[in-house]
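**Q** Need a 3D model of the sequence below.
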Amino acid sequence: MYLLLSIILSTLLGYLLIVIHPLVGGVIAFGIIAGVLFRGLYLLNSINNRLVKSYPKTDKVQDAYEQYLSEKEKGSS
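**A** Numbering: from 1, shown residues only. This is a model prediction of the structure:
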């Protein structure tokens, strides 16, 4: 239902932008497109920040394994 409403409103807005003066319609269309792009970037940044916070840190086993590999490498040299 929301998709249908969005399609109808977009159609009406497109018709309105065609009917009014091309310069004014172009400015309004540019503002809409730029606003949508900036909002998308803001949402992507927000999602990235949430994912980084929930990213698991290295655990004790991983730290011990990396330490073992570094000690093994030093012993072989």
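**Q** make it CA atoms for all contacts and neighbour counts henceforth
**A** OK.
**Q** which helix of this protein spans the most residues?
**A** helix 22-54 (DSSP state H).
**Q** Could you pull up the residues touching the residue nearest the centre of the chain?
**A** The chain has residue 44 as the residue nearest its centroid, 1.9 Å off, counting by CA atoms, centre = their mean. The contact partners of residue 44, by CA atoms under 8 Å, 6 or more residues apart in numbering, come to none.
**Q** start at 51 instead
**A** Yep, numbering from 51; the last one is residue 94 now.
**Q** Only the buried residues of the longest helix of the chain, if you could.
**A** The neighbour-count check on helix 72-104 (16 or more other CA atoms under 10 Å) flags residue 75 as buried.
**Q** and it, how far from the chain's centre?
**A** In terms of CA atoms, centre = their mean, to the nearest Å, the centre of helix 72-104 is set 9 Å apart from its chain centre.
**Q** Quick check: next helix or strand after that helix?
**A** Remark: after helix 72-104, the chain's next helix or strand is helix 110-126, criterion DSSP states H and E.
**Q** tell me the mean pLDDT over the longest helix of the chain?
**A** Mean pLDDT, helix 72-104: 90.
**Q** picking that back up, check the gap between the residue nearest to the centre of the chain and residue 87 for me.
**A** 11 Å (CA to CA, to the nearest Å).
**Q** Could you report the neighbour count for residue 57?
**A** By other CA atoms under 10 Å, 12 other residues sit near residue 57.
**Q** Ramachandran coordinates for it?
**A** phi -70, psi -40 (degrees, to the nearest 10).
**Q** distance of it from residue 64?
**A** Separation of residue 57 from residue 64 (CA to CA) stands at 10 Å.
**Q** likewise residue 58?
**A** Applying CA to CA, the value for residue 58 to residue 64 is 10 Å.
**Q** what comes up buried for stretch 59-71?
**A** Quick answer for stretch 59-71 (16+ other CA under 10 Å): residue 67.
**Q** So what touches that stretch?
**A** Stretch 59-71 is contacted by residues 75-76, 78-79 when judged by CA under 8 Å, 6+ apart.
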